[in-house]
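Peer 1: sequence unavailable; structure follows:
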């Protein structure tokens, strides 16, 4: 069988925690798989093939719909903690013992929960366009997000031009390329999410984002090497929240890209895949030289 | 003549703006040279050969002492603006038409001034452990910096363990390696700076750092692609100032490294040189894909 890719990988199913999880798995097997956790109201089809196929050259990529999303059964939980527990059940049901975890937006909250609840399962973390519990402007959708998600669009896909891309001409042009790429899979696409998904996810986001005492203490418990990435002009989850993640995670690097919004990884997919690949492939992510390294 | 390196490059002199500038120039010629601007009270000998020789493999490296520093003549100006003007005079005196500019700490303030005053001279900017005019905690030395620079040390070099490295065992071990590396040049070293340097630089830092209305507006004028790098635990110039630089420069990427202080580039020299080299060598620093890039 020819190697599958983003366009061709069949949707498969696995049962765990009373849920039938839909997933796709492709790329170069034999190493540590990279498990992708999706954003608000997104399905497996909302990933950018320039990103997923970019990673799939060097590693196995696992996309999935968490409980209640699109082709997966069950209900969307109203807590991120429960979403994380479901994600762990899914990963273990695949028989995987060690994975790298990438999470985007609410998927980045879920990624943190996976690392907190099952630290032995996670080798490295990639947190994209996301933030900590109790971060800035995170208890509700930001005013910009409310405006963007509340508006109507000539083509429903166009909402993502405002969510993921900055107002500049260059960023919007990149956005239109992204929309073409994410429609490249034209068979066996996921159904869009049903009307119960957004309210449940918003409730979970609200509980995760609500201000609290010492909100960032919990990040000390995430010992994995982490790479935090965002667009410098993210209006959905403000980039200061990526800064906060880097400041409080014990072993994290931050990258902010210029002139980019929530979906900076879709604006600069080659740069993003290269930056993350170096982080994931490095024997030691942040190497300190030894005496013998410089004569 | 064998190619020179950090240890062997002779100190040369060039006259401009009434100053006799001491400099060293080595590495692979033919491309855009990278001009280094040094930190508070530092000389050419305070650069890490793991960094300078790391860059010299691929490009020409220019180290110099600005006016009044060590082997350069003249007085240290009490404004960063004047330091920038002197640096421009030095670069032009070498006959260079286009350079990349790297600045560390106060050298990063000078790098910004070079870009503001002579934008045609600067191709790309690398701003390390630095901040904007009117940044947070920048009007005076930070409390931590005052404590560190005010203390006495068994070996005077040990001050740099506290300035450039974090308290962790790993960072301090990296610091001791750095101190060995920066003593590797054991002939024709620069004299240490005289007692007039620190007060003049502190006065200039004070004027640069003082809070003001709309402090970051000026950054919009710096149109060059910029890479902003810092240690996530910088106590000399707080890392929030690197975040501010990224947020206000029109075309800047931010990298913050984990568990590192003011001298993160000396803690992770291989990582730093690789990250900066990719940025400097990229035809387009932040490439957006075209339709033809993904079938």
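Peer 2: In hand now; what should we look at? Every value quoted in this text rests on a predicted model; they were computed, and no experiment measured them.
Peer 1: what's the angle from the strand or helix carrying residue A:247 to helix B:240-248?
Peer 2: When elements are assigned from DSSP states H and E, residue A:247 belongs to helix A:240-248. Counting by axes from the mean of the first three to the mean of the last three Cα atoms, to 10 degrees, helix A:240-248 lies at 160 degrees to helix B:240-248.
Peer 1: quick one: strands adjacent to the following helix or strand past helix A:240-248?
Peer 2: Using DSSP H and E, the helix or strand that directly follows helix A:240-248 along the chain is strand A:252-257. According to DSSP bridges, strand A:252-257 forms sheet pairs with strand A:225-231 (parallel), strand B:252-257 (antiparallel).
Peer 1: who touches strand A:252-257?
Peer 2: A:127, A:225-232, A:239, A:242-243, A:245-246, A:264, A:267-268, A:271-272, A:275, A:279, A:285-286, B:232, B:243, B:246, B:253-258, B:286 (Cβ atoms under 8 Å, 6 or more residues apart in numbering or on different chains). (C-beta placed from N, C-alpha, C; glycine too.)
Peer 1: per-residue confidence averaged over that strand?
Peer 2: Across strand A:252-257, pLDDT averages out at 98.
Peer 1: flag every buried residue along it.
Peer 2: Residues of strand A:252-257 classed as buried by neighbour count (16 or more other Cβ atoms under 10 Å in any protein chain shown): A:252-257.
Peer 1: please apply the same query to stretch A:263-272.
Peer 2: A:263-269, A:271-272.
Peer 1: stretch A:84-101 now?
Peer 2: A:84-92, A:94, A:99-101.
Peer 1: reformat those residues as TSV; add secondary structure, distance to residue B:63 and pLDDT.
Peer 2: Shown next, in TSV, are those (DSSP: H, G, I helix; E, B strand; the rest coil; distance: Cβ to Cβ, whole Å; pLDDT from 0 to 100):
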residue	secondary structure	distance to residue B:63	pLDDT
A:84	helix	50	98
A:85	helix	55	98
A:86	helix	56	98
A:87	helix	51	98
A:88	helix	52	98
A:89	helix	57	98
A:90	helix	54	98
A:91	helix	51	98
A:92	helix	55	98
A:94	coil	54	98
A:99	strand	45	98
A:100	strand	40	99
A:101	strand	43	99
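Peer 1: could you export the residues you listed to JSON lines, including columns for distance to residue A:20?
Peer 2: Compiled in JSON lines, the buried residues of stretch A:84-101 are given as follows (distance: Cβ to Cβ, whole Å):
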{"residue": "A:84", "distance to residue A:20": "19"}
{"residue": "A:85", "distance to residue A:20": "16"}
{"residue": "A:86", "distance to residue A:20": "12"}
{"residue": "A:87", "distance to residue A:20": "15"}
{"residue": "A:88", "distance to residue A:20": "16"}
{"residue": "A:89", "distance to residue A:20": "12"}
{"residue": "A:90", "distance to residue A:20": "10"}
{"residue": "A:91", "distance to residue A:20": "15"}
{"residue": "A:92", "distance to residue A:20": "15"}
{"residue": "A:94", "distance to residue A:20": "13"}
{"residue": "A:99", "distance to residue A:20": "20"}
{"residue": "A:100", "distance to residue A:20": "25"}
{"residue": "A:101", "distance to residue A:20": "22"}
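Peer 1: give me the neighbour count for the closest residue to chain B within the stretch 1-150 of chain A.
Peer 2: Chain B sits closest to residue A:50 of the stretch 1-150 of chain A, with a gap of 5.0 Å, by Cβ to the nearest Cβ. Per other Cβ atoms under 10 Å in any protein chain shown, the neighbour tally for residue A:50 reads 23.
Peer 1: in space, what's closest to residue A:15 - neighbours in sequence excluded?
Peer 2: The shortest distance from residue A:15 to any non-neighbouring residue, by Cβ to Cβ, 6 or more residues apart in numbering or on different chains, is to residue A:93 (6.8 Å).
Peer 1: hmm, residue A:12 and the one you found touching each other?
Peer 2: No - contact between residue A:93 and residue A:12 fails when scored by Cβ atoms under 8 Å: they sit 11.3 Å apart.
Peer 1: can you tell me the element whichever residue of the stretch 51-200 of chain A sits closest to chain B falls in?
Peer 2: When scored by Cβ to the nearest Cβ, the stretch 51-200 of chain A has residue A:174 as its residue closest to chain B, at 4.4 Å. In this structure, residue A:174 sits in helix A:169-182 according to DSSP H and E.
Peer 1: I figured residue A:231 hits residue A:262, correct?
Peer 2: Yes - Residue A:231 lies in contact with residue A:262 (Cβ under 8 Å); the separation is 6.3 Å.
Peer 1: what about the top strand by length along chain A, average pLDDT?
Peer 2: Secondary structure assigned by DSSP state E gives strand A:19-27 as the longest strand of chain A. Average pLDDT, strand A:19-27: 98.
Peer 1: try stretch A:156-171
Peer 2: 96.
Peer 1: and it, how far apart are its ends?
Peer 2: Start-to-end span of stretch A:156-171 (Cα to Cα, to the nearest Å) is 19 Å.
Peer 1: in contact with the closest residue to residue A:224 other than its chain neighbours, which residues?
Peer 2: Nearest residue to residue A:224, sequence neighbours excluded (Cβ to Cβ, 6+ apart): residue A:125, at 5.1 Å. By Cβ under 8 Å, 6+ apart, the contact set of residue A:125 is A:100-103, A:111-112, A:115, A:222, A:224-227.
Peer 1: please pick the buried ones from those residues.
Peer 2: Here, 16+ other Cβ under 10 Å leaves A:100-103, A:111-112, A:115, A:222, A:224-227 buried among the contacts of residue A:125.
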